[in-house]
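**Student:** give me coordinates for this.
(one chain, ligands or ions: 1)
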Amino acid sequence: MASIFSPLTKNIGIDLGTCTTQVYVEGRGVVFSEPSIVATDERNRKLVAIGNGAESMLSKSPETVKIHRPLLNGVVADYGVTRTMLGYILSKCVRSVQRLRIMVGVPAAASNVEKRAVMEAVYQAGAKEAYLVDTAVAAAMGVNMPVYDPVGNMVVNIGGGTTNVAILSLGGIVVSKSIHLGSLDFNEAIKDYLRGQYDIVTDDMTIEEMKITNGSAVLPLEDRGYYFTGRGLDDGLLKECAVQASELYQVIGRPLMKILDLVRSALQETPPELSADIMEHGVVLTGGGAKLKGMEQLFSQELGVPVVLAAEPDLAVVRGIGVAVAEREKLAPVIEGAQRIYRRRF
Ligand SMILES: Nc1ncnc2c1ncn2[C@@H]1O[C@H](COP(=O)(O)OP(=O)(O)OP(=O)(O)O)[C@@H](O)[C@H]1O
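**Tutor:** Predicted structure coming up:
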């Protein structure tokens, strides 16, 4: 039998996100990026669809179909469904699940129990070796920050359910923080506002589109309206409504301030000589949530440092995990500095 350490072992990086699951296969790049959603048939518990297929069933599926979102705040909320989802995704991404070395990103705030659940799901899906890496460290690697240089590098990853911040220098982690709050909390804030202000409810897809097309982290220059149809809370009838960009800015601002507080607290804990580097080189924003209009400008205004939005911010973490798993020996100090590595020895 071939050794699991044989050169044939395939390196895989997985970003098991609250909203999106992404897979990076060494030599091929990002081969999978679909919603972390699973549909099952309630009568026989069989899998109906995963990813895009399951998302297209949202609010249109018969009662016998149950929709699952197995990840919450960047960690496993439903172990069985996560394991099924991972197994299915891996079978789509690689020809054989033999000899897989898999690394997964986890938020700094994940508990040991939560980390163990990820590890077990990865092993059950077929991995022979499994590793965990801090999501923010992966984000920094995914945007090619010079993490080994004697300079302070700061990255902020805003996902759907979590925000991760890290300051790295000389191949180690100086500060790493995360909060169970991300871009999905902007959607929740918008939903609450529409209920309270306009007595109206609408579906998740509409709220998401409203946030992306008309939401903003800074006061918009042009106060455009977003027109949508919802159901009145008082009479249950469908009605038209419009919400202004300036209203969405106010509503999103509340959860956004908590994210800024986390970043400020990370900066406050940073030694002065590294803070000076960050003042000079700036902060890199990654994650799908960082794509909200005006995010760079808000961070720059509030923190008083240069801020750059990464190219393809939502791919930074999975690409970084791909780098970390391939170069795990060289990068061991960074990975170990971030999290304990769980490794099953055979
Ligand atoms: N153009 C955009 N403007 C605003 N928000 C966006 C945009 N594109 C994506 N998003 C938001 O990004 C979030 C998903 O980001 P990402 O894929 O990085 O999260 P995730 O990895 O699934 O979550 P987590 O890291 O918290 O587990 C969603 O909430 C989505 O609404």
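**Student:** list the buried residues of the helix or strand where residue 279 lies.
**Tutor:** For residue 279, the host element (DSSP states H and E) is helix 272-281. Neighbour-count burial for helix 272-281, counted by 16 or more other CB atoms under 10 Å, picks out 274-275, 277-278, 281. Where C-beta positions appear, they are placed from N, C-alpha and C, glycine not excepted.
**Student:** what of stretch 66-83?
**Tutor:** Those would be 67-78, 81-83, for stretch 66-83 by 16+ other CB under 10 Å.
**Student:** one more: stretch 150-168?
**Tutor:** 151-168.
**Student:** and if you look at stretch 167-184?
**Tutor:** By neighbour count, with 16+ other CB under 10 Å as the criterion, the buried positions of stretch 167-184 are 167-169, 171, 173-179, 181-184.
**Student:** which ones among these are found in strands?
**Tutor:** Judged by DSSP state E, those include 167-169, 173-179 as members of strands.
**Student:** adding pLDDT, write those residues out as JSON lines.
**Tutor:** Below are these laid out as JSON lines (pLDDT from 0 to 100):
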{"residue": "167", "pLDDT": "95"}
{"residue": "168", "pLDDT": "92"}
{"residue": "169", "pLDDT": "91"}
{"residue": "173", "pLDDT": "88"}
{"residue": "174", "pLDDT": "92"}
{"residue": "175", "pLDDT": "93"}
{"residue": "176", "pLDDT": "91"}
{"residue": "177", "pLDDT": "93"}
{"residue": "178", "pLDDT": "92"}
{"residue": "179", "pLDDT": "95"}
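**Student:** can you narrow the buried residues of stretch 167-184 down to the ones near the ligand?
**Tutor:** Contacts with the ligand within the buried residues of stretch 167-184, counted by CB under 6 Å from any ligand atom: 182-184.
**Student:** what parts of the stretch 151-300 of the chain come near the ligand?
**Tutor:** Checking the stretch 151-300 of the chain against the ligand by CB under 6 Å from any ligand atom, the hits are 159-162, 182-184, 208, 211-212, 287-289, 291-292.
**Student:** give me the lowest-pLDDT entry from the buried residues of stretch 66-83.
**Tutor:** Lowest in pLDDT among these is residue 74, which has 82.
**Student:** now for the ones in strands among the buried residues of stretch 167-184: which two are most distant?
**Tutor:** 169 and 179 (22.3 Å; CB to CB).
**Student:** any low-confidence regions in the protein?
**Tutor:** 1-7, 333-346 (pLDDT under 70).
**Student:** re the thing from before, for the helix holding residue 279, what is the distance to the chain centroid?
**Tutor:** Remark: helix 272-281 is offset 26 Å from the chain centroid, using CA atoms, centre = their mean, to the nearest Å.
**Student:** contacting residues around the residue of the stretch 1-150 of the chain found nearest the ligand?
**Tutor:** Scanning the stretch 1-150 of the chain for the residue nearest the ligand gives residue 17, at 2.4 Å (criterion: CB to the nearest ligand atom). Applying CB atoms under 8 Å, 6 or more residues apart in numbering, we find residue 17 in contact with 36, 71, 74, 159-161, 317.
**Student:** restricted to helices, list those residues.
**Tutor:** residue 317 (DSSP state H).
**Student:** go ahead and flag the most central residue of the protein.
**Tutor:** Nearest residue to the geometric centre of the chain (CA atoms, centre = their mean): residue 159, 3.5 Å.
**Student:** measure it to residue 303 for me?
**Tutor:** 20 Å (CB to CB, to the nearest Å).
**Student:** again, but for residue 202
**Tutor:** 34 Å.
**Student:** identify, from the buried residues of stretch 167-184, the entry nearest to the ligand.
**Tutor:** residue 183 (3.3 Å).
**Student:** for the nearest residue to that closest one once chain neighbours are set aside, grab the count of nearby residues.
**Tutor:** Leaving aside its chain neighbours, residue 183 sits nearest to residue 289 (3.3 Å; criterion: CB to CB, 6 or more residues apart in numbering). For residue 289, the tally of surrounding residues (other CB atoms under 10 Å) stands at 28.
**Student:** scan this structure for its longest helix.
**Tutor:** The chain, longest helix under DSSP H: helix 245-268.
**Student:** I'd like to check the angle between it and helix 272-281, please.
**Tutor:** Counting by axes from the mean of the first three to the mean of the last three CA atoms, to 10 degrees, helix 245-268 lies at 140 degrees to helix 272-281.
**Student:** distance from the chain centre to helix 245-268, please.
**Tutor:** 17 Å.
**Student:** is it true that residue 263 touches residue 165?
**Tutor:** Yes - using CB atoms under 8 Å, residue 263 is in contact with residue 165, at 5.5 Å.
**Student:** list residues touching both of these two?
**Tutor:** Both residue 263 and residue 165 are contacted by residue 156, under the criterion CB under 8 Å, 6+ apart.
**Student:** now, which of the buried residues of stretch 150-168 lie within strands?
**Tutor:** 153-158, 163-168.
**Student:** and which of these is nearest to residue 257?
**Tutor:** residue 163 (12.1 Å).
**Student:** follow-up on the earlier one: pick out the most distant pair among the residues of the stretch 151-300 of the chain next to the ligand.
**Tutor:** 162 and 212 (19.2 Å).
**Student:** and the helix or strand where residue 325 lies, what does it pack onto?
**Tutor:** When elements are assigned from DSSP H and E, residue 325 belongs to helix 316-326. Using 3 or more CB pairs under 8 Å, 6 or more residues apart in numbering; DSSP states H and E, the elements in contact with helix 316-326 are strand 10-16, strand 20-25, strand 29-35, strand 100-106, strand 127-134, helix 135-142.
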